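Q: Kindly generate the corresponding structure for this input.
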Amino acid sequence: LTDLSPHSRFSSEVWKVLREFLRDLPSPGSRGLALHSVLQEPFQDHVRSHVQLLARLRELLQEESEREVVATVEREFGKLESFISQVLDEAAFTKELWKSLGSKFTDMLCVPERRLLEDSRNLPIASGTARSERLLLFDDVLVLIQGNSFQSFDLKLVWVDENCGEKSAPGLYGLRITTPEETFVLSAKDPQMKAVWRWKLEQAVRQALNGKRDFPLWGRSGEGGEAPARRFFSYVFRMEGRLRGATYEGEWLWGKPHGKGTLKWRDGRNHVGDFQEGLEHGFGICLVPRRSEDRYDCYKCHWYQGKMRGYGICEYGNDLVYKGYFKDNVRQGFGILENFSAEHPFKYTGQWEKDKKNGYGIWEDKERGERYIGMWLDDHRHGEGIVVTQSGLCYQRTFHADKMVGSGILLLEDDSVYEGNFTEDLTFVGK
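A: Residues are numbered from 1 along each chain as shown. Purely as a prediction, here's the structure:
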């Protein structure tokens with residue numbers, strides 16, 4: 001009535017009359033009986049009378065086509081009657097549960113719109129390794145109770161698999177329950193009990209995802225009984241691991257991020273892209289905050305099983321830009337690193353190994369106007385190399401950890417050639 005009151009003057013008047021009627025009743029128990037007699041019982045009688053009327057009408061009709069039309073309507077009213085009965089039974093079932101549970105549980109679990117669908121005390125099933133003493137299936141969460149504590153799992157992120165992949169104890173039949181951070185097995189004593197629990201779990205999950213109850217009770221013909229394996233949802237990881245405290249919003253498959261999604265950590269890291277079986281996999285953009293500055297490193301790269309691999313572009317927060325290849329989160333293979341800052345602009349084009357300059361590469365010092373062409377080892381000039389200065393001088397030397405060793409060849413501006421030892425400031429030494 002509250003939901004309808006903004007839309008109907010009639011319902012508003014009914015609500016006023018009903019509120020005045022309930023105000024005169026002394027106790028909650030008497031109010032419940034009054035509501036039953038004023039609302040519930042007349043509505044049930046109304047539906048029941050229509051079922052009986054349609055049945056009599058069907059018997060009086062002569063034409064088969066007319067009888068079939070009435071029979072169809074009669075079946076729909078019968079479904080409505082069964083649906084109302086089930087909803088009322090669930091409400092009574094839930095009310096009794098709140099009375100029987102301790103205040104610690106009811107304070108945490110009791111929500112007005114929540115309904116109990118099944119209780120392991122009525123339909124026995126147990127979780128593996130004495131994980132819980134009691135299992136409660138609500139229309140929105142699955143609850144495992146152990147002593148004075150409990151765990152709840154949002155049904156929108158619960159997957160049910162009858163092929164549990166684990167050997168059940170002799171005489172037990174298992175269902176594997178998968179959630180984003182935990183997987184456990186429910187064990188029934190016979191295949192019939194397992195089948196009933198599987199159907200109830202699948203139906204509850206599907207209804208939670210759809211945001212509405214099945215009508216009729218067993219679903220319409222053609223509707224699948226199993227909940228979809230692929231889903232879109234937001235979840236905050238709580239258990240230990242690399243994702244603790246992170247929030248993932250996107251596509252899921254069997255309890256793991258799978259497809260397009262966004263992963264955000266509390267420290268400011270942010271990954272947007274493709275995921276596969278819980279790991280970054282495919283193209284993605286990752287922002288990583290720099291601790292000492294209010295800036296970010298931005299990685300636009302391909303990922304493989306949680307690590308950068310293949311071609312990518314990284315725009316660092318300190319004005320460095322890398323365009324090249326990665327492997328296992330580090331620069332590996334050919335790449336270009338360029339510094340666009342005004343203080344020390346440079347550009348390196350060449351080979352990388354384990355995030356360091358290794359192999360053949362070209363270094364351009366834009367501030368000094370100097371270029372080095374040659375071999376590198378662990379970020380140092382190492383091996384044969386050629387240096388071209390801003391003034392046009394060119395010399396070839398052997399380098400060891402950035403220092404010149406041995407003799408070299410110097411080409412002067414007048415095209416004369418000097419071969420021997422000389423220092424970095426091009427001062428001749430010895431012969």
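Q: And the average pLDDT for the helix or strand where Ser82 lies is what?
A: Element membership for Ser82, per DSSP states H and E: helix 64-100. Confidence over helix 64-100 (mean pLDDT, whole number) is 86.
Q: Could you list the domains of this structure?
A: 5-100, 103-210, 230-429 (automatic domain parsing).
Q: Pick out the shakiest of the ones you listed, pLDDT-wise.
A: Mean pLDDT per stretch puts domain 5-100 lowest among the domains of the chain, at a mean of 75.
Q: follow-up on the earlier one: what's the very next helix or strand once past the helix holding Ser82 packed up against?
A: Heading C-terminal from helix 64-100, the first helix or strand you meet, by DSSP H and E, is helix 103-109. Applying 3 or more C-beta pairs under 8 Å, 6 or more residues apart in numbering; DSSP states H and E, we find helix 103-109 packed against strand 149-154. Placement of C-beta: from N, CA and C, glycine included.
Q: Restricting to C-alpha, output the strand it packs on in PDB.
A: Output of strand 149-154 as PDB, limited to C-alpha atoms (Å, rounded to 0.1, in the frame of the first residue of the first chain):
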ATOM      1  CA  SER A 149      29.900 -17.000  14.000                       C
ATOM      2  CA  PHE A 150      28.600 -17.100  10.500                       C
ATOM      3  CA  GLN A 151      29.700 -16.400   6.900                       C
ATOM      4  CA  SER A 152      27.400 -14.900   4.200                       C
ATOM      5  CA  PHE A 153      27.800 -15.100   0.500                       C
ATOM      6  CA  ASP A 154      26.000 -12.800  -1.900                       C
END
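Q: partners of that strand in the sheet?
A: Here strand 149-154 is paired, per DSSP bridges, with strand 141-146 (antiparallel).
Q: buried set for the partner strand?
A: Within strand 141-146, the residues scored as buried using 16 or more other C-beta atoms under 10 Å are Val141, Leu142, Val143, Leu144, Ile145.
Q: Check stretch 180-190 too.
A: Pro180, Thr183, Phe184, Val185, Leu186, Ser187, Ala188.
Q: Quick one: distance of that stretch to the chain centre.
A: Its chain's C-alpha centre and that of stretch 180-190 lie 21 Å apart, by C-alpha atoms, centre = their mean, to the nearest Å.
Q: can you tell me the distance between the two ends of it?
A: 28 Å (C-alpha to C-alpha, to the nearest Å).
Q: any idea how far Leu142 is from Ala92?
A: Between Ala92 and Leu142 the distance is 21 Å, computed by C-beta to C-beta, to the nearest Å.
Q: Pull the number of nearby residues for the closest residue to Gly255 other than its chain neighbours.
A: In this structure, Gly255 finds its nearest non-sequential neighbour in Thr178, 4.0 Å apart by C-beta to C-beta, 6 or more residues apart in numbering. Thr178 has 17 neighbouring residues, counting by other C-beta atoms under 10 Å.
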